[in-house]
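Q: 3D, please:
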Amino acid sequence: MSKQVINSNNAPQPIGPYSQAILIDRFLFISGQVCSDASGNFHNGSVEEETHQVMSNLKAILTEAGMDFSNVVKTTIFLKNMDDFQTVNHAYGSYFKKNPPARETVEVSRLPKDVKVEISMIAAISASDDYMN
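A: Below is the predicted model:
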């Protein structure tokens, strides 16, 4: 088993004892992302705006690992308010035009910095894909 820390300068840097992502063999485990940008500035706006910022962060991390959204096999969406489900679903879904990943969405009582949405992902590389090594 090979374990590699993946860190993108185009996504927020970790603010605690965790990595943006860990690549193990052919699987990339991405830590939950919120609506801060690479400079650490939070873009607390509408839940739709927050979702797009989160997806931008996730895309930067995927890119750093030589992947894109087509490699994503599983996501978890944490919502502060389940009433935002349809709005988040629409924004999130725009990144998966074909073969969306498995997913669960859960409502939580509070998220860091009182954001409205946080998303984590697991991506995989098929044996025929090129990937970092």
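Q: where does this protein have low pLDDT?
A: The model of the chain has pLDDT under 70 over residues 127-133.
Q: dihedrals phi and psi, the residue lying closest to Gln13 once chain neighbours are set aside?
A: Among residues not flanking Gln13 along the chain, Gly40 sits closest, at 7.1 Å (CB to CB, 6 or more residues apart in numbering). For every residue, glycine as well, the C-beta is placed using N, CA and C. Gly40 adopts backbone torsions of phi 90, psi 10, taken as degrees, to the nearest 10.
Q: spatially central residue for the chain, please.
A: Leu58 (3.8 Å; CA atoms, centre = their mean).
Q: quick check, that one in contact with Gly32.
A: No: when contacts are counted by CB atoms under 8 Å, Leu58 is not listed as touching Gly32 (9.6 Å).
Q: overlap in contacts of the two?
A: Common neighbours of Leu58 and Gly32, counting by CB atoms under 8 Å, 6 or more residues apart in numbering, are Ile119.
Q: now Asn57: which helix or strand?
A: Applying DSSP states H and E as the criterion places Asn57 in helix 47-64.
Q: which elements pack onto the helix or strand immediately after that helix in the chain?
A: The helix or strand immediately downstream of helix 47-64 is strand 72-79, counting by DSSP H and E. Other elements packing on strand 72-79 under the criterion 3 or more CB pairs under 8 Å, 6 or more residues apart in numbering; DSSP states H and E are helix 85-93, strand 102-107, strand 117-124.
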